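> sequence and predicted structure, then a few things I'm wondering about:
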Amino acid sequence: MATTTEIKPEAVTLSNEEILRYSRHLIMPEVGMEGQQKLKAARVLCIGAGGLGSPLALYLAAAGVGTLGIVDFDVVDYTNLQRQIIHTTADVGRRKLDSAAEKLQGINPFLEVRTFETRLTSANALELFREFDIIADGTDNFPTRYLVNDACVLSGKPNVYGSIFRFEGQASVFATKEGPCYRCLYPEPPPPGLVPSCAEGGVLGILPGLVGVMQATEVIKLILGKGEPLIGRLLLIDALGMKFRELKLRKNPDCPACGTHPTITKLIDYNEFCGIRGEEKPVATGVPEIQVEELKRRLDTGEDIFVLDVREPHEYQICNIGGYLIPLGDLPKRVNELDSSREIVAHCRSGVRSAKAVDFLRQAGFRKVHNLAGGILAWADRVDPKMPKY
Amino acid sequence: MPKIHIPTPLRQYAGKQPAVEVKAGTVGDALSRLVTQHPDLRRHLYTDDGKLRAFVNVYLNDEDVRYLQKEATAVKDSDSISIVPSIAGGCCSIDDFRFAIVE
């Protein structure tokens, strides 16, 4: 595994135009001509062109990293724009790769952008990583986190890690020769049922900016071989308190990936490892459903239907259809507020949480309970186009 | 009293507080008092047979207690204990989060 990247600065030269562009780097001794040549010779792979990937890629491009690879398969949507600053309003509907490549090339035409429109998988990760010196992980799920880590350990490439949740972030550099890997810190992922709730999701738009720029800083330091990288240290960022704490990380000699007797010698099935089956969404399937049109029609004819909204109060404030609000997490202790003799239609934003609610209520003995298919989003699409979507 | 930092994902089970102070002599003591005060936290920190979960890291100041005396590690009043769970987010779509319904 690499301590820092073994980049040969003499292999590249800078044109006069590049020398002018990078002059503020060239006049500082920590970078200088040799450092700038290293940056140009470096090949960095960003996993994801989303919240973390946006600032990360933008700054690496501006700083003069020679080759930037981006792995993404997503399309820009309106809800991305609050934090994914590489994409603009006009990019909505475009492939993130196209949108990102255009911006990066616009910032720095000397940059070689390589785009990979794919999900990172056990089948393609090692081959993709082979072409790069440093991997920057900006993904959003546990299976890919473990996949990136193991592929970095196996291919000997440092993993510049960043992760965010609401207003809290983590950053570190994993999988260097002397330092710990992600599995030294977290040998196993949380079981699916213990991952924080839907309603607890969301992220302060600025936070990925903060953490992504920290990742970019670490990438640059690894390339230059300067400063003290976040190897063996986990930086905790609390944006709300604006507090930064640092924890010591140790390389675990018993680590299954990077320990003295590793048991992970090839990439595994990470969905299975994280307790997720295939691409299947964790929806309670088979619960009785009602379509939004039917609910509307029956409410209009004055039928006695109790509409139960299982979202959070702050979501109710965004939009509602006048339902009785009991957040999903409170349902077990507030179930006595419901009348099992009445017909109940449960809804949430998209129908995922309310399916769980219906499943729970049926197990609690409720018989006349339906899930509103597609949730309030479907209502906004097909019944009330004036209703805001989020 | 030693202070326990509660990470964002777990605050909903700890009365939404960012930190809780408990009177305790060891790390294990402190955590056990914490889950007594906030019973909803228990299943997030401990397995059914009462062991700390593998994906929950506990730090005394900046040291991982796994490399100290684990839960028997002594704590002083000025110490801070951090619970550091794994978070996966990079983008954060609301429906990407799986959730638990309490049985």
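Ah, there it is. Because the structure is a prediction, the values reported are computed rather than measured.
> can you pull the pLDDT of residue B:34?
The model reports residue B:34 with a pLDDT of 96.
> repeat for residue B:10
Confidence score, pLDDT, at residue B:10: 84.
> three-state assignment of residue A:247?
strand (DSSP: H, G, I helix; E, B strand; the rest coil).
> output the lowest mean pLDDT helix or strand found in chain B.
Ranked by mean pLDDT, DSSP states H and E, the helix or strand of chain B with the weakest confidence is helix B:8-11, at a mean of 83.
> the helix or strand that that one is followed by pairs with which strands?
Once helix B:8-11 ends, the next helix or strand along the chain (criterion: DSSP states H and E) is strand B:19-21. Sheet pairing of strand B:19-21 (DSSP bridges) gives strand B:3-5 (antiparallel).
> okay, buried residues for the strand it pairs with please.
B:3-5 (16 or more other CB atoms under 10 Å in any protein chain shown). In this view, the C-beta of every residue, glycine as well, is placed from N, C-alpha and C.
> what residue is smack in the middle of chain B?
The centre of chain B sits closest to residue B:83, judged by CA atoms, centre = their mean, with a distance of 3.9 Å.
> tell me which helix or strand that one sits in.
For residue B:83, the host element (DSSP H and E) is strand B:80-85.
> in its sheet, what does that strand sit against?
strand B:3-5 (parallel), strand B:56-60 (antiparallel).
> turn those strands into CSV, columns for mean pLDDT.
As requested, these are exported to CSV (pLDDT from 0 to 100):
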stretch, mean pLDDT
strand B:3-5, 95
strand B:56-60, 92
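> looking at the buried residues of strand B:3-5, which is nearest chain A?
residue B:5 (8.1 Å; CB to the nearest CB).
> got a list of what the residue lying closest to that closest one once chain neighbours are set aside touches?
Counting by CB to CB, 6 or more residues apart in numbering or on different chains, residue B:5 lies nearest to residue B:82, which is 4.4 Å off, once chain neighbours are set aside. Residues near residue B:82 by CB atoms under 8 Å, 6 or more residues apart in numbering or on different chains: A:236, A:245, A:247, B:4-5, B:7, B:58-59.
> just the buried ones among these, please.
A:236, A:245, A:247, B:4-5, B:7, B:58-59.
> quick check: residue A:244 is in a helix.
No: with three-state DSSP as the criterion, residue A:244 is strand rather than part of a helix.
> how far off centre is the strand holding residue B:83?
6 Å (CA atoms, centre = their mean, to the nearest Å).
> and the helices in the stretch 151-300 of chain A, which stretches?
Ranges of helices within the stretch 151-300 of chain A are A:182-185, A:207-224, A:270-273, A:292-300, based on DSSP state H, counting those that start in this stretch.
> for residue A:239, see how far away the closest residue to residue A:89 other than its chain neighbours is.
Once flanking residues are discounted, residue A:89 sits nearest to residue A:81: 6.3 Å by CB to CB, 6+ apart. Counting by CB to CB, to the nearest Å, the separation of residue A:81 from residue A:239 is 19 Å.
> compare these two (neighbour count), which wins?
residue A:239 (19 against 15; other CB atoms under 10 Å in any protein chain shown).
> if we can go back for a sec, got the contact list for the residue nearest to the centre of chain B?
So residue B:83 contacts B:4-7, B:10, B:45, B:56-58 (CB under 8 Å, 6+ apart).
> what does residue A:273 give?
With CB under 8 Å, 6+ apart, residue A:273 has these contacts: A:143, A:146, A:189.
> so residue A:13 touches residue A:37, yeah?
Yes: shown here, residue A:13 and residue A:37 form a contact pair, counting by CB atoms under 8 Å, at 7.4 Å.
> more crowded one of those two?
Taking neighbours as other CB under 10 Å, residue A:13 and residue A:37 compare with residue A:37 leading, 23 against 11.
> follow-up on the earlier one: gap between the residue nearest to the centre of chain B and residue A:216?
Remark: distance between residue B:83 and residue A:216 (CB to CB) = 29 Å.
> rewinding a little: dump the buried ones among the contacts of residue B:82 to CSV, plus distance to residue A:30.
Shown next, in CSV, are the buried ones among the contacts of residue B:82 (distance: CB to CB, whole Å):
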residue, distance to residue A:30
A:236, 26
A:245, 26
A:247, 27
B:4, 40
B:5, 34
B:7, 34
B:58, 37
B:59, 32
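> nearest to residue A:309, of those residues?
Taking CB to CB as the measure, residue A:309 sits nearest to residue B:7 out of the buried ones among the contacts of residue B:82, at 28.4 Å.
> state the distance from the closest one to residue A:355.
28 Å.
> residue A:248 now?
Residue A:248 is 43 Å from residue A:355, by CB to CB.
> of these two, who's got more company?
residue A:355 (25 against 14).
> on contacts alone, who are the packing partners of the helix or strand where the more buried one lies?
Per DSSP H and E: residue A:355 is located in helix A:352-363. Applying 3 or more CB pairs under 8 Å, 6 or more residues apart in numbering or on different chains; DSSP states H and E, one finds that helix A:352-363 makes contact with helix A:331-334, strand A:343-347, strand A:369-372.
> tabulate the ones you listed (CSV), appending mean neighbour count.
Below are the helices and strands packed on helix A:352-363 laid out as CSV (neighbours: other CB atoms under 10 Å in any protein chain shown):
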stretch, mean neighbour count
helix A:331-334, 14
strand A:343-347, 25
strand A:369-372, 25
